[in-house]
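Peer 1: With the sequence up front, the predicted model follows.
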Amino acid sequence: MHQLTLAEIARGLADKSFSAEELTTTLLARIKSLDPQLNSFITVTEDLAMQQARAADARRAAGESGALLGAPIAHKDLFCTQGVRTSCASKMLDNFTAPYDATVVAKLAAAGMVTLGKTNMDEFAMGSANESSHYGAVKNPWNLEHVPGGSSGGSAAAVAARLTPVATGTDTGGSIRQPAALTSLTGLKPTYGRVSRWGMIAYASSLDQGGPMARSAEDCALLLQGMAGFDANDSTSIDEPVPDYSASLEASLQGLRIGIPKEYFGAGLDPRIAEQVQASIQELQKLGAVIKEISLPNMQHAIAAYYVIAPAEASSNLSRFDGVRFGYRCDNPKDLTDLYKRSRGEGFGVEVQRRIMVGAYALSAGYYDAYYLKAQKIRRLIKNDFMAAFEDVDLILGPTTPNLAWKLGAKGNDPVAAYLEDVYTITANLAGLPGLSMPAGFVDGLPVGVQLLAPYFQEARLLNVAHRYQQVTDWHTRAPNGF
Ligand code: GLN
């Protein structure tokens, strides 16, 4: 039963092949026996899950239907869940129980989804390897000596290992797409404003966006349907009608213009990944797509701009964790200054502290113009590059990551080496565009992802292309050994 996709689960529940209670029991047992190898969950919500599963079965028995009714899910541990610890994988919030549900959590629960638990992540979503969690690193189910990517690494590992059919993730600079690529999943970062951020603990508010992580595009479509939509509680939520994402999955790709940015294939890209990406381009050509070379000239400045803007916003967002109102408080503070200093010094891990320092520096009076303002200007140039490219093409395709999943600890002492892994993903966040990563092969047993980017609000197009590709390839159906 654990091999079933969300779409298959929906059909199985509808035709009563199994109940939500049976499915939930099976998955909770798998989590118990297999997750010690992966560390993909921070909290397993066994009682809540059984209660929600029984309630979903009762709703179906009473005649209700719906693709998500009774289907299990896991939430990245930065989505607030009422009455359940929401830790952001930080010692700072180790004892924090959320007093309310994030909009995404509430919407999916109302649709009848069953919450299996909260997944591990990089502390405060800062990272690309899921090694900075207070609760320990997450392992990649394809090779337990390798990282699963980050920051939504727990969600990625749990879905890839068939502990849950789908999970939520968030993507500030690639944290849905990059771990999806490294674990052979399909992950979608929606257009900024498409999915409510209310109740998502903020990292960099102008970049953060929640989205679905699943094994197939078809499943991402079903899950996004339940997540997307206007929310008056989020001032950056956009009041656009939500299309039926499943309705256009089968649309023809005949004549679809796909742009390949020449900058994506320069130095730094593992040539074995480049080969797999080329093979995926050929598959899409066979399906009728027309390939054009394009240029995104300002991409080279993206990492520098992102690693000013994201830390700047983080330094402001994280200032609320001061040891006074909630979160970790140090023992026996001497005075107020000592309380602040030690609570934050002991409660935050090194990478979070590094970002707060960089951000506070970039925002300080003497440096604001030189760093923050400059970075904002680059951000606009990057957006302009995309707008120009989308005059000629419908979609942009390239690798999701320059490298395969690396060994645990391999980049531990070199934060910049990890930052460089975001080179293909962060531009979509800076521009607010939707992006998807889909499985496109393996090298040495480790997964390779291909990224698709589309104009604003064209998530349906991304899902359509990925779905058509998945009808002629089987990368997304493969399961890691032992899971
Ligand atoms: N790796 C990037 C960072 O560390 C992206 C993280 C994310 O998308 N949450 O900031």
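Peer 2: Received the coordinates, thanks. Residues are numbered from 1 along each chain as shown.

Peer 1: quick one: the helices in the stretch 151-300 of the chain?
Peer 2: With DSSP state H, counting those that start in this stretch, the ranges of helices along the stretch 151-300 of the chain come out as 153-160, 177-183, 217-227, 271-286.

Peer 1: The third one packs against which elements?
Peer 2: In this structure, helix 217-227 packs against helix 6-14, helix 103-110, strand 186-189, strand 210-214, strand 435-443, helix 459-472, with contacts taken as 3 or more C-beta pairs under 8 Å, 6 or more residues apart in numbering; DSSP states H and E. (Each C-beta comes from the backbone N, C-alpha and C, glycine too.)

Peer 1: Dump the C-alpha coordinates for that helix into PDB.
Peer 2: Provided in PDB are the C-alpha atoms of helix 217-227 (Å, rounded to 0.1, in the frame of the first residue of the first chain):
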ATOM      1  CA  ALA A 217       3.400  15.700 -11.400                       C
ATOM      2  CA  GLU A 218      -0.100  14.300 -11.200                       C
ATOM      3  CA  ASP A 219       0.200  14.200  -7.400                       C
ATOM      4  CA  CYS A 220       1.600  17.700  -7.200                       C
ATOM      5  CA  ALA A 221      -1.400  18.900  -9.100                       C
ATOM      6  CA  LEU A 222      -3.800  17.300  -6.600                       C
ATOM      7  CA  LEU A 223      -1.900  18.600  -3.600                       C
ATOM      8  CA  LEU A 224      -1.400  22.100  -5.100                       C
ATOM      9  CA  GLN A 225      -5.200  22.300  -5.700                       C
ATOM     10  CA  GLY A 226      -5.700  21.900  -1.900                       C
ATOM     11  CA  MET A 227      -3.000  24.400  -1.000                       C
END
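
Peer 1: what angle do it and helix 459-472 make?
Peer 2: Angle, helix 217-227 to helix 459-472, by axes from the mean of the first three to the mean of the last three C-alpha atoms, to 10 degrees: 150 degrees.

Peer 1: The first one too?
Peer 2: Interaxial angle, helix 153-160 versus helix 459-472 (the same axes, to 10 degrees): 40 degrees.

Peer 1: ok now helix 153-160, how far from the chain's centre?
Peer 2: 10 Å (C-alpha atoms, centre = their mean, to the nearest Å).

Peer 1: repeat for stretch 281-290
Peer 2: Using C-alpha atoms, centre = their mean, the offset of stretch 281-290 from its chain centre is 27 Å.

Peer 1: Need the nearest residue in space to Val166, chain neighbours excluded.
Peer 2: In space, and not counting its chain neighbours, Val166 is closest to Ala214: 4.4 Å by C-beta to C-beta, 6 or more residues apart in numbering.

Peer 1: any chance of the helices and strands packed on helix 217-227 in TSV, plus mean neighbour count, mean pLDDT and distance to the ligand?
Peer 2: Output for these, formatted as TSV (neighbours: other C-beta atoms under 10 Å; pLDDT from 0 to 100; distance: least, C-beta to the nearest ligand atom, whole Å):
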stretch	mean neighbour count	mean pLDDT	distance to the ligand
helix 6-14	20	98	23
helix 103-110	22	98	15
strand 186-189	33	98	8
strand 210-214	32	98	11
strand 435-443	26	98	11
helix 459-472	22	98	18
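
Peer 1: Residue numbers of the stretch 101-250 of the chain in contact with the ligand?
Peer 2: Ala125, Met126, Gly127, Ser128, Ser151, Asp171, Thr172, Gly173, Gly174, Ser175, Tyr203 (C-beta under 6 Å from any ligand atom).
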